[in-house]
Each structure stands twice: as C-alpha cells, then as structure tokens.
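A.B. asks: Structure for the following, please:
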Amino acid sequence: MFTRAIHRGPQRPGSPRSRSLLLGVERPGSPRSRSLLLGVERQVFVAGVVLISLLVCSCATFAQRKPKDSDCLLCHSDSSLSKEVNGKKVSLSVDSEKLKHSIHGGILSCVDCHADVKSSPHETTPAKVSCAQCHADEQKAYLLSAHSKPGAQGKANIASCIDCHGGAHEILSADDARSPIHHSNVPMTCGGCHGQKFLMESDGESTQPFVSYQQSVHGRTTEQGSQKAAVCTDCHRAHDILPANDLNSPISKFKVPDTCGKCHRDIEHTFNESIHGQAIARGSELAPVCTDCHGIHSIKAHVDPNSPVAEQNLARSTCARCHEGVRLTNEFGVAGNRVSTYLDSYHGLAAEGGSAVVANCASCHGVHNILPSSDPHSTIHRANLDATCGKCHKGVTQRFTLTRVHLDVARSNDIGSIGVRWVRRIYLPLIVLVIGAMFLHNAIIWRRKAIDRRNAAGMTVVRMTPNQRWQHIVLVVSFIVLVVTGFALKFPDSWLAEMLGMGERLRSLTHRVAGVVLMGAGFYHLIYAALTRDGRRLVTSLAPGPKDAFDAWGTMLYYLGLRKEKPKFGRFSYAEKAEYWALVWGTAIMALTGVMMWAKVWVGNLLARWWVDVATSIHFYEAILATLAIVVWHLYQVFFDPDSYPMNWAWWNGKMPLKHYREEHALDTETIGKVEPGKSS
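C.D. replies: Next comes the predicted model:
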C-alpha cells in the first residue's frame with residue numbers, strides 16, 4: 001500500500017493524505033482502515049496466547065526438574081534426621097563427603113537410585129532402592145544363593161547388599177583398601193554375621209568355621225597382609241554362594257579340587273593323576289579330596305603339629321579314617337588294617353615314641369601323587385622300591401625291599417607272615433607254661449614261709465572280731481569288682497577291659513550288683529555301730545581328737561631323724577582313723593552319685609539333666625581317689641610295711657602278734673592287759 005502511494009506521485013506535505021500514507025494506514029472510517037485494524041488486533045491476540053503458553057510451559061518445566069544432590073542434602077545432611085522402623089531408630093542422615101568419594105558418588109545422583117523422587121522435598125516416602133536396577137546379573141546370582149533363600153522362607157536374618165558392601169551412600173570399590181569387600185577385609189566382613197554366636201545359633205549354625213579360619217594358615221597369612229591367601233569369596237564365591245550339598249557349589253565334594261586348584265595349580269594337576277583324583281573323576285564319594293585330609297576352614301601348614309597332615313598325625317588321625325576299616329575293602333577290595341599294621345611295625349612304634357625322622361605314610365606312598373603299587377609311576381611299585389626305601393636306608397637292594405611292610409600276620413600268606421604265625425604259636429604257650437611254673441614255685445615257698453613266720457610270732461591279741469572280718473571281706477570284694485567293672489567302662493580299650501572280657505550288659509549288671517552289695521555293707525555297718533557293744537566301742541576308738549594332729553607331726557619328725565622318741569598310739573593310730581573316716585565319706589559319695597546315675601531319667605526330670613553330669617564327674621574322680629588311696633595308703637600298712645612283712649594277718653584270722661601290737665599301740669593297755677594280766681589300767 002505504501003508502495004502504491006509513492007507511485008501515485010508526490011503529495012502535499014501536511015495533507016491528510018500524506019499523513020495517512022506516512023503512518024501506513026488509511027483514513028479513519030474507510031473500509032480499508034477497518035480491515036487493517038482487525039488484522040492488528042488478531043496479531044496481538046496470537047502473540048499474547050504464545051507468550052502465556054511459554055510462561056506456562058516454563059513454569060511446568062521448572063516444576064518437573066529433577067532434584068539435585070544438593071537439594072537432597074539440604075535435609076539429609078542433618079545428622080539428627082531419622083525415623084522409626086519396627087520400634088528402632090534408623091538414621092536418614094547422609095555424609096556428603098563419603099557419598100562424594102564413594103564409587104556411586106562420581107557417576108550417579110541421588111535420584112538415579114531413588115527414581116521415584118520427583119521433587120524436593122519429596123511428598124511421599126521413597127520406595128526401597130533395588131540394586132538390581134543396575135546390577136541385574138549380581139542380583140540374579142544372589143537370588144540363587146544360600147543368603148537369599150532363607151529370606152524367601154520368611155527368615156529375617158539374611159545378608160543383603162549393604163551388609164557386605166557397606167552403607168548404601170558410602171560403597172567403595174573392591175580395590176579400595178577401606179572397602180569391606182577388599183581382599184584383606186573379606187574375612188572380617190563375613191565374620192560380622194558368621195562370627196556372631198547368637199545370630200548363627202538362631203539359624204542352627206555354628207561360629208566355629210569363622211573361628212577355625214582365623215586360626216588357619218589362610219587366615220593368619222591374610223591377617224599379615226597377604227593378597228594371595230585364600231579368603232571366603234575365593235572358595236565360596238561372592239554373590240552366588242551355595243551350600244556344599246549343591247552340585248553347582250565350588251565347595252561341593254567333586255569341585256573342591258578345582259576350587260583349591262585356582263591357587264594350587266601344580267598340586268591340583270598332580271592330585272588329578274593320583275589314585276584319589278582318578279576315583280573322584282569317576283564319581284566315587286568315598287575317595288578323599290583336599291578338605292578330607294587338610295581340613296576345611298582349619299587348614300594349617302604341614303609343619304604345624306596340630307595339622308592333620310603333620311608327620312606325627314598322618315597315620316593315626318588322617319590316613320586311618322579310610323585305610324584302617326573294612327569299608328574300602330568291601331567296596332573296592334582295598335586292603336584294610338593298614339594303620340594298625342603300620343603302628344605294629346618299627347616305623348609305627350618309633351613314630352609313637354616321638355621320632356621325627358622315622359617313615360610315615362607319606363614317606364613311602366607320596367603326598368598328592370599317591371598311586372597303587374601296580375602303577376609303574378607309583379613310589380611303591382616293585383621297580384621303584386629301591387629308590388623309595390633308599391631315601392632312609394642307604395644301599396638297600398631288592399632282597400631287602402621286596403619284604404612286606406604291612407605285615408598282617410593273621411591274614412597274609414607270604415613267607416614272612418607264615419613264619420611270624422608259627423613263632424607266635426610256639427611262644428605264647430611257652431610263656432604261659434614257663435612263667436606259670438615260676439609263679440607256682442614261688443607261691444608255694446612264700447605261703448609256707450608266711451605261715452611259719454605267723455606261727456613263730458608267739459602270743460597274739462584279737463584285732464578284729466569275726467563279724468568285723470566278714471564286713472571287711474564283703475567290702476574288699478565289692479570294692480575290687482566295682483573298680484574293675486567301672487574303669488573297664490571308662491577305658492574300654494585298656495588291658496583291664498580286655499582282661500575282663502565282658503559284654504556291656506554283663507559288665508553293667510555286675511557293677512550295679514557290686515554297688516548294691518557295697519551300700520548294703522555300709523547300712524549294715526551303721527546298724528552294727530549303733531546297736532552292738534563292739535560297734536560302739538569301735539566308733540568311739542576311731543573318733544579323731546587333737547592328739548592325732550600332734551601324733552602325725554611327731555611321726556614325721558621321728559622318721560626324718562629330727563626327734564628321738566616315737567609317738568605312742570592307742571587302739572587306732574591317726575593313720576587308721578583317717579582311713580576309716582575317708583572310707584565312710586567315700587562310700588556315701590559313691591553311693592549317692594551311683595544312684596543318681598542309675599536313676600538318671602528320674603533325677604534329670606526332678607532336678608535338671610546337668611545334675612546327672614556333675615554326679616558322673618564326681619563318681620569318676622572319687623573312684624580314682626579311693627582306688628589310689630587304697631593302693632598307696634592301706635596296702636602299705638597291710639603288706640608293704642617292713643614291720644608287718646609279709647602281711648598283717650588281722651584281716652584273715654583277726655589276730656596280731658603281741659610284740660608288734662605293743663610297739664604300734666602301746667597306749668591300748670586294755671587290749672594288752674587281756675593277754676598280759678596286770679598290764680591293763
């Protein structure tokens with residue numbers, strides 16, 4: 001329009017026409033001017049709508065902006081921020097420095113994990129974060145592990161990600177020495193649960209594996225800073241920890257060699273070629289793997305005397321578990337009794353005696369390279385025996401090495417075993433005949449000399465009445481039976497048990513009968529002491545007094561040569577009084593504890609089971625005390641006292657030579673006076 005106006009030619013300045021042209025509008029009221037005004041209004045409206053839309057969009061965009069870490073820390077940096085979960089106070093505070101230096105702090109923001117947080121402050125409680133958002137493979141392995149499965153069964157005490165990796169906002173890389181999953185820290189991290197007795201026992205488990213590991217060669221080496229020693233995750237793996245009975249577990253029996261071989265490659269190769277490794281490869285569960293010989297968590301160096309593979313422990317503790325019984329014989333035809341025949345040999349006897357150089361199982365058979373004697377590579381193959389035996393016996397030849405080592409005399413048919421059997425058949429009867437004849441010869445002579453000595457004693461005094469002698473005989477017999485049958489139970493492999501030759505049923509019956517007899521004798525003695533004149537006089541004479549203490553002291557001084565005069569005693573000396581009251585006390589204790597053991601169910605229900613355990617312990621130690629007291633104290637006075645040789649006959653005929661009685665009981669003038677009138681006071 002402006003262009004057309006110019007083409008129409010020049011206009012007079014100041015005219016309405018020129019002004020309207022300069023303004024670019026038509027004159028008011030004209031149709032053209034009205035059309036132009038409507039266009040302008042329409043443009044202003046559109047511009048307003050666009051402006052308002054931009055403002056609304058910018059406000060919405062601002063409202064939807066993800067909160068920054070700094071926004072979250074405005075609240076969560078407060079160390080007092082917390083909430084209650086199941087009645088327990090749980091901190092919601094986040095250490096900004098630890099978060100910044102954590103493995104997540106450099107690559108993730110808060111809302112990358114807390115994806116449901118849309119604003120700061122958030123209006124609702126954020127959902128629990130799942131590590132599987134990023135670590136899907138690890139989560140999948142964890143869900144199959146022994147840590148996760150109890151949770152699916154409703155148990156609360158299960159290990160989660162943060163239990164091993166540390167606090168969620170301060171997780172460090174495994175390469176960081178401060179990380180709980182750093183190689184050096186793994187044992188203590190696992191011990192946070194597996195070392196807590198109350199926690200493990202609540203799930204029916206034990207803390208012993210953790211304790212044993214700490215004392216093992218692996219645990220001690222790790223504690224000293226080694227980065228190569230095996231820790232928990234080297235054997236059990238990290239996320240997919242499986243129980244030993246799971247065939248996919250690295251600690252299942254058939255995978256143990258591979259697991260140990262990750263560190264001990266050369267040994268694994270040698271073991272796999274051995275008779276044990278071949279059997280494992282065939283799927284034999286009876287064949288041993290590394291942990292059967294070395295232990296599981298308690299593995300120790302072979303030079304450690306507590307190690308099952310230490311030289312002194314191999315035969316009796318380690319190899320014996322398989323090679324002594326008949327199980328391998330029945331299943332595979334492998335000869336049994338290998339350990340007992342070894343222990344009967346010079347090698348075994350010298351080893352039991354403490355020799356540090358004598359041959360043991362590994363000296364001849366090898367360690368990880370054990371092969372049957374039929375294998376040309378075996379150290380005990382016929383062609384290799386010269387070299388094997390020659391390690392200790394220099395210069396040996398086949399005439400020496402081909403002799404059987406495990407000499408099983410009862411079963412073997414080689415010339416050596418046959419010869420030994422014939423020697424035994426000859427010598428055992430010969431020993432019985434010769435020694436029996438010697439014993440009979442000396443017993444006849446001793447008996448006659450003892451009788452002659454007794455008859456030559458002259459005048460005698462009555463020391464024990466027939467009633468007292470019968471009580472003594474019953475006591476002696478029942479006591480001896482109790483000692484033999486009791487210790488035969490406690491020491492079933494002893495010569496005492498073998499000599500007894502009873503089954504358990506007969507032994508226990510005999511022991512109980514003897515116990516009843518002993519208790520009966522005790523009750524009878526109480527009645528005897530209370531109701532008879534001799535009994536009351538006996539107890540009165542045995543009553544201890546202050547003089548006994550002085551007599552004991554004076555006797556020691558006299559026999560040590562520190563005093564010239566020997567103390568004088570009445571009817572009973574301090575030694576006899578002490579023995580009598582010890583017998584009373586011991587009989588009561590043994591009777592009480594014996595009855596408690598006999599009626600263990602009734603006592604356990606009435607009191608508690610531990611009362612029976614305590615009674616058993618008292619019964620055992622009191623038996624030792626009583627037996628040794630009889631041997632050391634009583635038998636000396638009756639048999640070994642030179643003044644009584646060959647014995648004090650009072651236990652047999654109730655009499656004692658007057659001369660000997662006067663020397664031992666000079667103050668008992670009443671008894672002496674009955675034999676020598678005028679001597680009684």
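A.B. asks: Could you find the closest non-adjacent residue to the most centrally placed residue in the chain?
C.D. replies: With distances taken as C-alpha atoms, centre = their mean, the residue of the chain nearest its centroid is Gln208 (6.1 Å). Leaving aside its chain neighbours, Gln208 sits nearest to His297 (7.8 Å; criterion: C-beta to C-beta, 6 or more residues apart in numbering). Every residue, glycine included, has its C-beta placed from N, CA and C.
A.B. asks: thinking the one you found is in contact with Val217, fair?
C.D. replies: No. Counting by C-beta atoms under 8 Å, His297 does not reach Val217; the two are 11.0 Å apart.
A.B. asks: Isn't Thr341 up against Arg404?
C.D. replies: No. Assessed by C-beta under 8 Å, Thr341 is found out of contact with Arg404, at 9.2 Å.
A.B. asks: more neighbours, the two?
C.D. replies: Neighbours per residue, other C-beta atoms under 10 Å: of Thr341 and Arg404, the larger number sits with Thr341, 21 against 12.
A.B. asks: I believe that one is in a helix; please confirm or correct that.
C.D. replies: Yes. Thr341: assigned to a helix according to DSSP: H, G, I helix; E, B strand; the rest coil.
A.B. asks: Which residue lies closest in space to it, excluding its sequence neighbours?
C.D. replies: Nearest residue to Thr341, sequence neighbours excluded (C-beta to C-beta, 6+ apart): His406, at 4.1 Å.
A.B. asks: For the one you found, list the residues it contacts.
C.D. replies: Applying C-beta atoms under 8 Å, 6 or more residues apart in numbering to His406 gives the contacts Ala335, Asn337, Arg338, Thr341, Tyr342, Ser345.
A.B. asks: of those, closest to Cys164?
C.D. replies: Of all these, Arg338 has the smallest distance to Cys164: 45.6 Å, by C-beta to C-beta.
A.B. asks: Would you mind listing where the stretch 1-150 of the chain has pLDDT under the threshold?
C.D. replies: Low-confidence segments of the stretch 1-150 of the chain (pLDDT under 70): 1-42, 44-50, 53-65.
A.B. asks: give me every residue that touches Gln312.
C.D. replies: Contacts of Gln312 (C-beta under 8 Å, 6+ apart): Pro305, Ala351, Gly354, Asn360.
A.B. asks: Same list (those) but as TSV, adding neighbour count, distance to Gly166 and pLDDT.
C.D. replies: Below are the contacts of Gln312 laid out as TSV (neighbours: other C-beta atoms under 10 Å; distance: C-beta to C-beta, whole Å; pLDDT from 0 to 100):
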residue	neighbour count	distance to Gly166	pLDDT
Pro305	9	39	90
Ala351	23	51	87
Gly354	8	51	83
Asn360	21	48	91
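A.B. asks: Pick the one among those residues closest to Gly87.
C.D. replies: Pro305 (51.8 Å).
A.B. asks: Spatially, what comes nearest to that closest one if we skip its sequence neighbours?
C.D. replies: Gln312 (6.7 Å).
A.B. asks: Backbone dihedrals for the one you found, both of them.
C.D. replies: Recorded main-chain torsions at Gln312 are phi -80, psi -10, according to degrees, to the nearest 10.
A.B. asks: and it, how far is that from Ser355?
C.D. replies: Taking C-beta to C-beta, to the nearest Å as the measure, Gln312 falls 9 Å from Ser355.
A.B. asks: Can you check which helix is longest in this structure?
C.D. replies: In the chain, taking DSSP state H as the definition, the longest helix is helix 415-455.
A.B. asks: mind listing the strands in this structure by residue range?
C.D. replies: Secondary structure of the chain by DSSP state E: the strands cover 82-85, 88-91, 460-462, 655-657.
A.B. asks: neighbours around Ser494, how many?
C.D. replies: 12.
A.B. asks: Over to the one 5 residues further on?
C.D. replies: Each residue near Met499 was counted by other C-beta under 10 Å, and the total is 10.
A.B. asks: so where's this structure uncertain?
C.D. replies: 1-42, 44-50, 53-65, 154, 156, 409-412, 676-681.
A.B. asks: Domains in it, by residue range?
C.D. replies: If you go by automatic domain parsing, the domain ranges for the chain are 2-63, 130-251, 459-675.
A.B. asks: Next, format those as a markdown table and append distance to Arg421.
C.D. replies: Supplementary listing: the domains of the chain in a markdown table, determined by distance: least, C-beta to C-beta, whole Å:
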| stretch | distance to Arg421 |
| --- | --- |
| domain 2-63 | 103 |
| domain 130-251 | 46 |
| domain 459-675 | 21 |
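A.B. asks: is it true that Ser91 touches Asp78?
C.D. replies: No. Using C-beta under 8 Å, Ser91 makes no contact with Asp78, being 10.0 Å away.
A.B. asks: list the contacts for the spatially closest residue to Asn306 that is not a sequence neighbour?
C.D. replies: Of all residues not flanking Asn306 in the chain, Lys300 sits nearest, at 5.9 Å (C-beta to C-beta, 6+ apart). If you count contacts by C-beta under 8 Å, 6+ apart, Lys300 has them with Gln215, Ser216, Val217, Asn306, Ser307, Ala310.
A.B. asks: wouldn't the third one be in contact with Ala301 here?
C.D. replies: In this case it means Val217. Yes. Using C-beta under 8 Å, Val217 makes contact with Ala301 at a distance of 4.9 Å.
A.B. asks: who has more neighbours, those two?
C.D. replies: Val217 (19 against 13).
A.B. asks: Next one: that one from Ala152, what distance?
C.D. replies: Taking C-beta to C-beta, one finds Val217 at 37 Å from Ala152.
A.B. asks: Also Lys255?
C.D. replies: To Ala152, Lys255 is 25 Å away according to C-beta to C-beta.
A.B. asks: Compare neighbour counts for those two and give me the winner.
C.D. replies: Lys255 (18 against 9).
A.B. asks: who touches the more buried one in this structure?
C.D. replies: Contact analysis of Lys255 by C-beta under 8 Å, 6+ apart lists Leu247, Ser249.
A.B. asks: Please identify the buried residues of stretch 596-604?
C.D. replies: Neighbour counts over stretch 596-604 (16 or more other C-beta atoms under 10 Å) mark Met596, Met597, Lys600, Val603 as buried.
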